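> model the structure of this input:
(one chain, ligands or ions: 1)
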Amino acid sequence: MDRSDYEALDAGAVLAALDGFAGAFSLVLLKECDSTNSRLLAELPPDDGRVHVLAADVQTSGRGRRGRAWKSWPGASLTFSALWRFAPDAPVPAGLSLVAGLAVARALEELGVEGVQLKWPNDVLVHGRKLAGILVELTPGRGRVPAAVVGIGINLQLPPDADVEYATGVTDLAACLGQAPDASRLLGLVLVQLHRLFEVYAAAGFSALRGAWQQRNAFANLPVNILGEAEALAGTCAGVDDDGALLLQTPGGLRRVLSGEVSLRLA
Ligand code: BTN
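Residues are numbered from 1 along each chain as shown. Now for the predicted structure:
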């Protein structure tokens, strides 16, 4: 497929979609970059009270969770990272990555995407197929102010021969909506939702957003396997707790899971 005609991200269109939130963001749009997460972490922008966003039309070394690669082709996905700073001495931001997933889900719903689900900790699925991935990386930031780089990749229109992991379980917005939406508008919509939800989160913690996350839980009450750092677990997905930990009902009782890869357990 020739995607040399893809539309590059456009600052004016992003600002228009940001609506009343434009002043809250600083926006840098690049044609190409290794990884927007790596770049923001390497060159932390000044703390001027704004949320610094770096987006790239194409990443040459995009990174996913657990050391995986996030591949990109021109026009295939929206890829960006936003640097969020928290109050000095704020507690470790538990549940933050789940909030980012919820923000993406809401923006997609605003665009008319149906069947949006969240897979713990922060994949966004549509009818069971992965549409977006999120990589949150914490940094101590300057001084004592903690910061989080929230990196988001959303599939717009993957090449038919895309060699992506989980090839059978991936989807894109062109398939969900009949055509890929304008990437700049989508970026603006996601940033607005991130801003709204991170404000709630900063004021009240993840518990205030837990219900909204659970409504979209892809594996609610289903049998799942968890491939953890240390041990594999099997049980029934019982939602998430106020810290964003996954709750797993096992024969030995309720377990809190803090990291790992969840998959459906087939009978
Ligand atoms: C995953 O599904 O494993 C997470 C994928 C995260 C990809 C995004 S794309 C923008 C940002 N820059 C990166 O290198 N990774 C994240």
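> ok, which residues in this structure are in contact with the ligand?
35-37, 59, 62-65, 68, 70, 79-81, 123, 133-135, 151-153 (Cβ under 6 Å from any ligand atom). For the C-beta atoms, the positions are set from N, CA and C on the backbone; glycine is no exception.
> among those, the buried ones, what's the PyMOL command?
Applying 16 or more other Cβ atoms under 10 Å to the residues of the chain next to the ligand, the buried members can be selected in PyMOL as follows:
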select buried, resi 35+36+37+59+62+63+65+70+79+80+81+123+133+134+135+151+152+153
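> among the residues of the chain next to the ligand, which lie within strands?
In strands, defined here by DSSP state E, the members of the residues of the chain next to the ligand are 59, 79, 80, 81, 123, 133, 134, 135, 151, 152, 153.
> show the contacting residues for the second one.
Going back to what we said before, that points to residue 79. Contact analysis of residue 79 by Cβ atoms under 8 Å, 6 or more residues apart in numbering lists 36, 55, 56, 58, 59, 62, 70, 72, 151, 152, 153.
> and it, bridged to which residues?
Listed beta-bridge partners, residue 79: residue 56, residue 153 (assigned using DSSP bridges).
> relative to residue 147, how far out is it?
Using Cβ to Cβ, to the nearest Å, one gets 20 Å for the distance from residue 79 to residue 147.
> now residue 201
14 Å.
> so for these two, which sits in the more crowded spot?
Taking neighbours as other Cβ atoms under 10 Å, residue 201 and residue 147 compare with residue 201 leading, 25 against 21.
> so what's the residue in the stretch 1-150 of the chain positioned nearest to the ligand bridging to?
In the stretch 1-150 of the chain, no residue comes nearer to the ligand than residue 133, which is 2.1 Å away by Cβ to the nearest ligand atom. On DSSP bridges, the residues paired with residue 133 through beta bridges are residue 153.
> need the contact list for it.
64, 65, 70, 122, 123, 124, 152, 153.
> show the model's pLDDT score for the second one.
Per-residue confidence (pLDDT) for residue 65: 91.
> now it, nearest residue through space, not along the chain?
Once its chain neighbours are removed from consideration, residue 65 has its nearest residue in residue 135; the separation is 5.7 Å (Cβ to Cβ, 6 or more residues apart in numbering).
> same thing with the third one?
When the adjacent residues along the chain are set aside, residue 70 lies closest to residue 62, with 3.5 Å between them (Cβ to Cβ, 6+ apart).
> wait, that neighbour sits on residue 32?
No. Using Cβ atoms under 8 Å, residue 62 and residue 32 do not qualify as a contacting pair, with a distance of 11.2 Å.
> could you look up the SS state of residue 194?
Using DSSP: H, G, I helix; E, B strand; the rest coil, the three-state assignment for residue 194 comes out as helix.
> what's the neighbour count on residue 60?
Burial of residue 60 is recorded as 11 neighbouring residues (other Cβ under 10 Å).
> give the contact list for the residue lying closest to it once chain neighbours are set aside.
In space, residue 60 comes closest to residue 34 once its chain neighbours are excluded; the distance is 5.3 Å by Cβ to Cβ, 6+ apart. For residue 34, the set of contacting residues under the criterion of Cβ under 8 Å, 6+ apart consists of 59, 60, 61.
> any chance of JSON lines for those, columns pLDDT?
Output for these, formatted as JSON lines (pLDDT from 0 to 100):
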{"residue": "59", "pLDDT": "97"}
{"residue": "60", "pLDDT": "96"}
{"residue": "61", "pLDDT": "97"}
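> just the residues you listed now: which is nearest residue 50?
Here the nearest of these to residue 50, counting by Cβ to Cβ, is residue 59; it sits at 23.0 Å.
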